[in-house]
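> need coordinates for the below:
(2 chains, ligands or ions: 2)
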Amino acid sequence: MNAIGRTAVAVLRNGWGILLLIIVWQAWVTAMNFNAIVMPRPLGVLQDLIGFPEVYWKNAVYTIGAAVIGLVLGMALGTGLAILAWLSDVLEGMLTPLTVLFSSVPVVTIIPIVARLLGYDFSTVLAIVVIICFFPAFVFTTSGLKALPAGADDLFRVLGARTPARLLRLALPAAVPNWSVALRVAAGHAVLGAMIAEYLMGTAGLGYLFAETKSDFNMERAFGATAVAMVVSILFFAAALAVERRVKERWN
Amino acid sequence: MTAAIHVDRARKTFDLGKGKSVEALAGVSLEVRPGEFVAIIGPSGCGKSTILRLIGSLEEPTAGTVTIDGRPPRELAGAHRLGVAFQDHALLPWLSVWQNVTLPLQVAGVKPDDAKIAALIRLVGLEGFEKARPRQLSGGMRQRAAIARALVLGPEVLLLDEPFAALDAVTRRYMNIELQRIWTESRITTLLVTHGVDEALFLADRIVVMSGRPGRIIENLDIDFPRPRMPALMRTPAFHALYDHLADLLEPAAAENEPVAGGGES
Ligand SMILES: Nc1ncnc2c1ncn2[C@@H]1O[C@H](COP(=O)(O)OP(=O)(O)OP(=O)(O)O)[C@@H](O)[C@H]1O
Ligand SMILES: [Mg+2]
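Numbers count the residues shown, from 1 in each chain, chains lettered A, B, ... in the order given. Ligands and ions are numbered 1, 2, ... in the order given. Model (predicted):
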């Protein structure tokens, strides 16, 4: 009881603004007597969430799956290419402008192209998330590999370190703080990217659920999908933030 | 196994950009015999660190040559036979004291001997701080960790750039005695840059005095005090006589350096 009470107090303390907003919203919609298509009631959204959990969690799992796998692959790809660029000046000269060029193309315009190439299914959603996550991973890791502590480069030269030792014992550890920032940025974008792809072309996922229900004027479910998406985004962001905090603790 | 250092008419000019340059060393010649302990003293900015960086393969001379046992310093570094403690400690912030001290072995691909590492850490008085990170140490403790790291490879050449600068007098004295003991046991060819004339007199076989702008050697003084040297040595008249002689040598050089304002080196 005590633990539950304390949690409730903590939730109230941090979330009272949101709670107030929802109450005002409910009161306003009730007072104005809006149609649910114009503006759904928070209570109606909650009813739908509780009444049809399966619809929500199945689509959420789809979106979370795409976001997590895409985040991992995108981070791996960006980090890997940043390491290649670190190893070779020629590759760096090629990769850096290419990634900048590539990343400045709006995702929305890439989605139809990728969809035509990979098909209108999970692999396209995944590919979009990978593309979105790749860029921060590449940019932050590239600069992190060069952010060496004072005197460390001289030290490794005096120690007669060769490239593998310089990479593994100096450049990569030095890049970890920047890399964790990339993870936080990419985690935020991953869920969003997955949802945009689902919204535009998918056949499942929270983005698709939103698109579908919106066009059916089922606004309560559309808002429910949005609420679930928000929770998922916040969880991603919080997890990445926790990683970044731990890294900062150790590296500074 | 120790090595001879040979610096032959080495000049070093640094390009400052916009057509400006600074002459850090103007034809410096210095020979260090295998197993010799040489101390370099001189005013700030006279090129002491630059000499060490030339010998440590971190810098190439603009003219002249620098060799260790007749070969370029790069080769000794590549063979992991060089021990260096810089003016700034250069400890890796993400590693513990223990990991920082073992780093040279890992870079060299040598399996660390735990007992030996523990002994080194004890030697520099960091027992109990093995798991601490550099940021949790005082400046003097970081310097001592850097000294342990410089010694861990059992190097042929040891380059120390003001390694005790951040230490209090008592710890400094203790570290001097320990350094003498290590050097007596191993006879590593050692170059020590210091601002402490007494420290140089206590430790060195020979003291090289430099003057600045441009950096050159103005005195080469053999120090013949018998070894092992005890702290009581510092109270003998012979010690005081040499101290005064060296202090006099540093005096005009320092005055010469004075008029150039705002030359914030160190
Ligand atoms: N990388 C560099 N670029 C430009 N100038 C440099 C560089 N390194 C050293 N210098 C210059 O060379 C001169 C000698 O520097 P050095 O660091 O060798 O002096 P030092 O005798 O070690 O001084 P201190 O006792 O203050 O450490 C200084 O005038 C300095 O400004
Ligand atoms: Mg110096």
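> low pLDDT regions in the chain?
You didn't say which chain, so I picked chain A. Within chain A, the ranges that satisfy pLDDT under 70 run A:1.
> not what I meant, chain B
Checking chain B against pLDDT under 70 turns up B:1, B:252-266.
> run through the strands of it in chain order.
Secondary structure of chain B (DSSP state E): strands at B:5-17, B:20-32, B:37-41, B:63-68, B:82-85, B:157-161, B:189-193, B:206-211, B:216-222.
> surely A:Val130 and A:Gly74 touch.
Yes: with contact defined as CB atoms under 8 Å, A:Val130 reaches A:Gly74; the gap is 4.3 Å. Yep, even glycine has a C-beta here, placed from its N, CA and C like the rest.
> more crowded one of the two?
A:Gly74 (28 against 23; other CB atoms under 10 Å in any protein chain shown).
> tell me the phi and psi of that one?
With angles defined as degrees, to the nearest 10, A:Gly74 sits at phi -60, psi -40.
> secondary structure element for whatever residue of chain A ends up closest to ligand 1, which one?
Here chain A gets closest to ligand 1 at one residue, A:Asp154, 10.8 Å apart by CB to the nearest ligand atom. For A:Asp154, the host element (DSSP states H and E) is helix A:152-158.
> need the contact list for the residue of chain A closest to ligand 1.
B:53, B:56, B:58, B:86, B:90 (CB atoms under 8 Å, 6 or more residues apart in numbering or on different chains).
> 7 Å - rerun?
B:58, B:86, B:90 (CB atoms under 7 Å, 6 or more residues apart in numbering or on different chains).
> do B:Ala148 as well
Listed by CB under 7 Å, 6+ apart, the contact partners of B:Ala148 are B:101, B:120-121, B:123-124.
> so can I have a markdown table of those residues showing neighbour count?
Shown next, in a markdown table, are the contacts of B:Ala148 (neighbours: other CB atoms under 10 Å in any protein chain shown):
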| residue | neighbour count |
| --- | --- |
| B:Val101 | 28 |
| B:Leu120 | 21 |
| B:Ile121 | 21 |
| B:Leu123 | 18 |
| B:Val124 | 24 |
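> can you give me the helices for chain A?
Remark: helices assigned in chain A by DSSP state H are A:2-32, A:42-51, A:53-87, A:89-103, A:107-118, A:122-144, A:152-158, A:163-166, A:172-201, A:206-215, A:219-251.
> for the stretch 1-150 of chain B, same thing?
B:48-55, B:73-78, B:97-108, B:114-123, B:139-151 (DSSP state H, counting those that start in this stretch).
> now render these as JSON lines, adding distance to A:Ala222.
Shown next, in JSON lines, are the helices of the stretch 1-150 of chain B (distance: least, CB to CB, whole Å):
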{"stretch": "helix B:48-55", "distance to A:Ala222": "67"}
{"stretch": "helix B:73-78", "distance to A:Ala222": "66"}
{"stretch": "helix B:97-108", "distance to A:Ala222": "54"}
{"stretch": "helix B:114-123", "distance to A:Ala222": "63"}
{"stretch": "helix B:139-151", "distance to A:Ala222": "59"}
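> and ligand 1, which of the ones you listed is closest to it?
Closest to ligand 1 of those is helix B:48-55 (CB to the nearest ligand atom; 3.1 Å).
> name the helices or strands packed onto that closest one?
Under the contact criterion of 3 or more CB pairs under 7 Å, 6 or more residues apart in numbering or on different chains; DSSP states H and E, helix B:48-55 touches strand B:5-17, strand B:20-32, strand B:157-161, strand B:189-193.
> make CSV out of those strands and add distance to B:Gly47 and mean neighbour count.
Listed next are these as CSV, based on distance: least, CB to CB, whole Å; neighbours: other CB atoms under 10 Å in any protein chain shown:
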stretch, distance to B:Gly47, mean neighbour count
strand B:5-17, 7, 16
strand B:20-32, 5, 18
strand B:157-161, 12, 25
strand B:189-193, 10, 26
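> need the residues of the stretch 1-150 of chain B near ligand 1, please.
Within the stretch 1-150 of chain B, the positions near ligand 1 by CB under 6 Å from any ligand atom are B:14, B:16, B:22, B:24, B:42, B:44-50, B:87.
> just flag the most distant two among these.
Greatest spatial distance in those: B:Leu16 and B:Gly42, 21.3 Å, computed using CB to CB.
> distance between stretch B:126-135 and the chain's centre?
Its chain's average C-alpha position is 23 Å from that of stretch B:126-135, according to CA atoms, centre = their mean, to the nearest Å.
> how far does it stretch from start to finish?
14 Å (CA to CA, to the nearest Å).
> got the buried residues for stretch A:121-139?
Buried residues in stretch A:121-139, counted by 16 or more other CB atoms under 10 Å in any protein chain shown: A:122, A:124-139.
> what's the answer for stretch A:75-91, then?
A:75, A:77-79, A:81-83, A:85-86.
> contacting residues around that stretch?
The contact list for stretch A:75-91, computed with CB under 7 Å, 6+ apart, reads A:92, A:95-96, A:130, A:133-135, A:137-138, A:141-142, A:145, A:171, A:179, A:183, A:186.
> what does stretch B:72-81 give?
Taking CB under 7 Å, 6+ apart as the rule, stretch B:72-81 contacts A:157-160, B:3, B:55-57, B:66, B:68, B:82, B:104, B:108, B:153, B:155-157.
> pretty sure B:Gly139 contacts B:Phe164?
No: under the contact definition of CB atoms under 7 Å, B:Gly139 does not touch B:Phe164, with a separation of 11.2 Å.
> still on that earlier bit, most tightly surrounded among the helices of the stretch 1-150 of chain B?
Mean neighbours per residue, mean count of other CB atoms under 10 Å in any protein chain shown, is largest over the helices of the stretch 1-150 of chain B for helix B:48-55, with a mean of 25.
> so that one versus strand B:37-41, what angle?
Direction vectors for helix B:48-55 and strand B:37-41, defined by axes from the mean of the first three to the mean of the last three CA atoms, to 10 degrees, enclose an angle of 140 degrees.
> and chain A, which residues reach chain B?
Proximity of chain A to chain B (CB under 7 Å from any CB of the partner chain) is limited to residues A:149-152, A:154-155, A:157-161, A:165, A:169, A:173, A:250-252.
> repeat the analysis, applying 6 Å as the threshold.
Counting by CB under 6 Å from any CB of the partner chain, the residues of chain A close to chain B are A:149-152, A:154-155, A:158-161, A:165, A:173, A:251.
> right, and the pair among those with maximum separation?
Once CB to CB is applied, the residues of chain A next to chain B give A:Gly160 and A:Trp251 as the farthest pair, at 25.7 Å.
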